[in-house]
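Q: return atomic coordinates for the entry below.
(chains A and B)
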Amino acid sequence: MDAVRERDATAQENVRLSMRVNGEEVDVLFAPYKTLLEVLREDLDLTGTKHGCELGECGACAVLVDGEPVLSCLALALDCEGREIETVEGLARGPELHPLQAAFADLGAAQCGYCTPGILMTAKALLAAEPAPSRERIKEAISGNLCRCTGYQQIFEAVEEAARQMRDEGGAR
Amino acid sequence: MSARTRFNVIGKPRRRVDGRAKVTGQTRFADDIKLPRMLHCKILRSPLPHARIESIDVARAEAHPGVHLVLTGKDFPVTYGMMPVSQDEYPLAPERVRYVGDPVAAVIARDEQTAAQALDLIDVRYQPLKTIATIEEALATPEPRIHDYGERGNIHRNQSYEFGDVEEALAHADHVFEDVFFFEGNTHLPIEQHAAVATVDADGKLTLWSSTQVPHYLHRALSRALQFPAAHIRVIACPNGGGFGGKCDLHNHEIVVSRAALRLGRPVKICLSREEVFYMHRGRHPVLMKMRTGVTRDGRLTGMSVQTLLDGGGYGGYGAASTFYTGVLQPVTYELPRYRFDAARVFTNKPACGPKRGHGTPQPRFGQEVQLDKIAERLGMDPAELRLNIVAKPNSLTANWLRIGSIGLAECIHKVVDASGWKDKHRKLPEGRGIGIACAAYLSGAGVSIYWNKMPHSGVQLLLDRSGQVTVFCGATEIGQGSDDVLAAIVAEVLGIDAFDVRCVTGDTGITPVDLGSYSSRVTVMMGNAAIQAAERVRELIADAAADELDVLPERVVFARGQVFASEDPSKTMSFREAVAFAETKYGTLGSVGSYSPPKAPGRYKGAGVGPSPAYSYTACVVEVDVDPITGWITVPKVWVAHDIGRTINPVLARGQVEGSIYMGLGEALMEEQVFRRLPPKLSNALVHKIPSLLEYKSLTSLDMPEVETILVEDPDPNCPFGAKEVGQGPLLPVMPAVANAVFDAVGVRIDEVPITPDKILAALAKKAKGEVARVGPDRFPDVPYPEPIFVLPPSEGGDGNATKAPHRDEPARHKEAAAS
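A: I've put the predicted structure just below:
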């Protein structure tokens, strides 16, 4: 009934690799079949990144790999040697929320909050590339992230508000 | 309190109190829990839709390295079920499976992978039984019975109610409209897959964390199913990553991991795969319905007869309630002097259906609102005007004895008509573009608990101390809707402090007072009223102590903006913290409780317990569509919605609930369907879910979502906290019929079933081109052996709320006067 069972059942030895996660060097030892999602959640205890399908369909697991949004449920952790990974845990600067986080919290863009980390990361990549995206561009950018709660409107507005904030502050962060 | 109109917290747009946790990834969902020595569970599920289990051999699985425990039906001798009348499920099926996905065995192992591997080593021998796939097959196939209880054959529930002589009302109408509609099933699709973690505490007691909307009911069910004392079970509802009703039922895996943890003395976790979530379902029932409605030539309803037939799937679940809900709420929206409903639910070999946002009411709402559109068309009336003329009266009793309080529906209709430019658009837009309207009403909490008792529906406890901190405890469950925020806001309003100064401890049966859970749109009203009572009780103590210090009468003490001061002389003031310290000095440790029970319902006939609510919310919705006549493709450029919320607690959240409802309603209207297919005969011929994936089960993406203009109408209801009614479910209801009515306005075809897909548009357009009836929908309503109705005289005809003898059918003149009124 699920993907786990279809994987190679033969036990393999754990592998070790280094990546930068949220600006910190990490060494991690894990089973080689594991996805980036699984390593983040299970081996690094970064449970802010969520899963909704583990098949690349919902976008809940989106993280940034070298600045690009990637579905971590489809990425093998083995392929991330030396890469720069950013997750929702790395968004805030100390206690200060990232403008996207503040806008999402203030404007109702997070209801249950489950799809939120994936959308925040996707939106971060969008604003890094396009500081002043149109509503249509925002819709396109997050069209791979399913949200069942909000009806998306408050998400669009929060991304727009964060973009304004970041432009006022003088650029992406 | 409700009469107040000036507020410091209520009605102000605010960041929700749990907003920061949600945007930092710190909200701890069930699958985020990781405990030392934790094991993992996977469940083996039936590959056949209907079969007898001849044998289960778990020896090879038990011997598999890393496996700690294998459980089967033998380990669960006791049934469970949400409704007292439907205790028909086993956590693991002992001898019979009733749908593809029915749980048969469970493996608990060191990790998920090992558990999954061991599932393949379990040998189950099945003896297939005849599969019952559809409503029609269930009616035509009394044997084999899917369950050995129920009305008869494969009819699970079967009931009829008549409020006044409906046939006579129809006979005296100027027109009688008869229509058959079908509403396909669909599912909740929360992005969070269900997860649960059970552990045995250091003191030997069981704790279960679960993505559940109903920790209290789960607590009761666990005690029964495990035969373990309830006082030694603690259920903690984790914040849900979306619920929509899908986490309202009791789930087999919650009981399985609990048993496993008790057996092993170690934490056991399960997280369902997405495919398993589709098979868990408990979502929208497919409903076939027939509506006969009598109207006068000026568009007033004289009587209505609704027949519904629900495809329940393999188990009871909430189905007994769902069946009632296809009937009981029709009279709440419009004046309807006489009303009859016949409702039956059948068992089929599919995942059980249950409550999804709107529970049982979106289906008949679709039928009624589309039929009203047809009525307006035939009478040459504007469908918005027709509805305005017949809006139910505030402070009235419906034909079926439901007490209506405030109604802001007329204002809602005016608002969406004005905002959408309805009068310039309806029947005036170019071919291919159209506009439609529909309305609805919904409960603000079910008036009766799932199991019969006279105890409160919600309890709230407050703890304060000299530091000024306020902690509020309540069993209510945060499923994303903002339950914690409403709780904090109400306590803060009463105590004159900021919502962020209130700490919420919720959804934990071990430490919070009972609240029945996040279902039936009950939380704001029930938890809110309990919270007001608790907060007012403790405020009285604080006011009394502060009055001594301020040298004023306690009645003159005001709480606002973190200060406690004299109303006539604001210079006599102290901080809230100081006031609490004085109160602790005077009265000792400070705390209070509040509780809430809904008002007694006026109906006294058997079955009158389903439908009553402390208050009803009202919604009007206008949808505009573009229909491409070549492809049948429907796009929705804009939706206007006005919702009578009574009073808005936090406008940011209220708007989110409305727009989320519109989103989900558009999905149901245009694409979402929980449908099944047969595997090829050379495989098993089994009845399986057609599209159990988030990609293939189509839902609206950000690119599909139209602009929504949301208008909140405030008609405060005296039964509600500060007048606040529900907002989470009602706004979904009018969306599907408004789309259907807009499609008719656009291209002149009637799609009398949901979802309204391009192939149906093209089929209807082809009929229209051939001069046939331009309609797609069910052709007939089957003969259902409904019982003789329970007859109740409506309040307007002198009834007392009790069932009475039905009028003689051969004396049609008997109620003539009443029918003409």
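
Q: report pLDDT for the residue of chain A found nearest chain B.
A: Across chain A, the shortest distance to chain B (Cβ to the nearest Cβ) belongs to residue A:48, at 2.2 Å. C-beta: built from backbone N, CA, C; applies to glycine. pLDDT, residue A:48: 98.

Q: for it, give me its contacts.
A: Neighbouring residues of residue A:48 by Cβ atoms under 8 Å, 6 or more residues apart in numbering or on different chains: A:87-89, A:117, B:24-26.

Q: check residue B:439 too.
A: Neighbours of residue B:439 in contact, by Cβ under 8 Å, 6+ apart: B:333, B:369, B:387, B:409, B:412-413, B:618-621, B:734.

Q: surely it is within a helix?
A: No: using DSSP: H, G, I helix; E, B strand; the rest coil, the assignment for residue B:439 is strand, not a helix.

Q: that one bridge partners, please.
A: residue B:620 (DSSP bridges).

Q: shaky segments in chain A?
A: A:1-12, A:171-173 (pLDDT under 70).

Q: please identify the helix or strand for the residue in the stretch 301-450 of chain B that chain A sits nearest to.
A: Closest approach between the stretch 301-450 of chain B and chain A, counting by Cβ to the nearest Cβ: residue B:357, at 10.2 Å. Taking DSSP states H and E as the definition, one finds residue B:357 inside no helix or strand.

Q: surely residue B:259 meets residue B:80?
A: No: counting by Cβ atoms under 8 Å, residue B:259 sits too far from residue B:80 to count as a contact (11.9 Å).

Q: what touches both of those two?
A: With Cβ under 8 Å, 6+ apart as the test, residue B:259 and residue B:80 both reach residue B:91.

Q: check the secondary structure at the residue positioned nearest the centre of chain A for me.
A: The structure's chain A has its C-alpha centroid closest to residue A:63; by Cα atoms, centre = their mean the separation is 2.7 Å. Of the three states, residue A:63 takes strand according to three-state DSSP.

Q: tell me the contacts of it?
A: A:36, A:40, A:49, A:69-70, A:72, A:85-87, A:121.

Q: neighbouring contacts of stretch B:571-587?
A: B:464-468, B:495-497, B:541-542, B:544-546, B:548-552, B:559, B:562-566, B:590.

Q: buried sites along the lengthiest helix in chain A?
A: In terms of residue count, the longest helix belonging to chain A (DSSP state H) is helix A:153-169. Within helix A:153-169, the residues scored as buried using 16 or more other Cβ atoms under 10 Å in any protein chain shown are A:153-163, A:166.

Q: distance check, the closest residue to chain A within chain B against residue A:47.
A: Among the residues of chain B, residue B:25 lies closest to chain A, at 2.2 Å counting by Cβ to the nearest Cβ. When Cβ to Cβ, to the nearest Å is applied, the distance between residue B:25 and residue A:47 equals 7 Å.

Q: can you give me the strands in chain A?
A: A:15-21, A:24-30, A:62-65, A:68-71, A:84-86 (DSSP state E).

Q: for the shortest one, the distance to its chain's centre please.
A: Put plainly, it is strand A:84-86. 9 Å (Cα atoms, centre = their mean, to the nearest Å).

Q: same check, this time on the first one
A: Once both centres are worked out by Cα atoms, centre = their mean, strand A:15-21 turns out to sit 18 Å from its chain's centre.

Q: so is it next to chain B?
A: No: residues of strand A:15-21 are not located near chain B by Cβ under 8 Å from any Cβ of the partner chain, the shortest gap being 13.3 Å.

Q: report the angle between that strand and strand A:24-30.
A: Counting by axes from the mean of the first three to the mean of the last three Cα atoms, to 10 degrees, strand A:15-21 lies at 150 degrees to strand A:24-30.

Q: show the secondary-structure elements that strand A:15-21 is packed against.
A: When contacts are defined as 3 or more Cβ pairs under 8 Å, 6 or more residues apart in numbering or on different chains; DSSP states H and E, strand A:15-21 packs onto strand A:24-30, strand A:84-86.

Q: run the last query once more with 6 Å
A: Under the contact criterion of 3 or more Cβ pairs under 6 Å, 6 or more residues apart in numbering or on different chains; DSSP states H and E, strand A:15-21 touches strand A:84-86.

Q: and the strand it packs on, which residues are buried?
A: Here strand A:84-86 shows A:85-86 as buried, counting by 16+ other Cβ under 10 Å.

Q: kindly report the same for stretch B:466-481.
A: B:468, B:470, B:472-481.

Q: what's the burial count for residue B:62?
A: For residue B:62, the count of nearby residues is 15 (other Cβ atoms under 10 Å in any protein chain shown).

Q: same thing with residue B:78?
A: Neighbours of residue B:78 (other Cβ under 10 Å): 12.

Q: need the contact list for it.
A: Residue B:78 makes contact with residue B:225, according to Cβ atoms under 6 Å, 6 or more residues apart in numbering or on different chains.

Q: does it sit in a helix, a strand or a coil?
A: coil.

Q: what mean pLDDT does stretch B:136-154 get?
A: Here the average pLDDT along stretch B:136-154 is 97.

Q: got the end-to-end distance for it?
A: Length of stretch B:136-154, first residue to last, Cα to Cα, to the nearest Å: 11 Å.

Q: can you pull up the most central residue in chain B?
A: residue B:357 (3.9 Å).

Q: my read: that one touches residue B:732, true?
A: Yes: using Cβ atoms under 6 Å, residue B:357 is in contact with residue B:732, at 5.3 Å.

Q: for chain B, what are the nearby residues on chain A?
A: A:1-2, A:4-5, A:9, A:47-48, A:52-53, A:57-58, A:60, A:88-89, A:101, A:104-106, A:108, A:110-117, A:139, A:142-143, A:148-154 (Cβ under 6 Å from any Cβ of the partner chain).

Q: wait, a helix at residue B:370?
A: Yes: assigned with three-state DSSP, residue B:370 falls within a helix.

Q: which pLDDT value goes with it?
A: Reading off the model, residue B:370 has pLDDT 98.

Q: contacting residues for residue 101?
A: Let's take chain A. A:91, B:23.

Q: actually it's chain B I care about, not the one you picked
A: Contacts of residue B:101 by Cβ under 6 Å, 6+ apart are B:45, B:279, B:351.

Q: export those as TSV, with columns for distance to chain A, pLDDT and neighbour count.
A: Shown next, in TSV, are those (distance: Cβ to the nearest Cβ, whole Å; pLDDT from 0 to 100; neighbours: other Cβ atoms under 10 Å in any protein chain shown):
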residue	distance to chain A	pLDDT	neighbour count
B:45	6	98	21
B:279	8	98	22
B:351	13	98	28
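
Q: mind checking the pLDDT average for stretch B:771-791?
A: 97.

Q: now residue B:145: closest residue in space that isn't a chain neighbour?
A: residue B:154 (6.0 Å; Cβ to Cβ, 6 or more residues apart in numbering or on different chains).

Q: got the contact list for that neighbour?
A: B:138, B:146, B:346-347.
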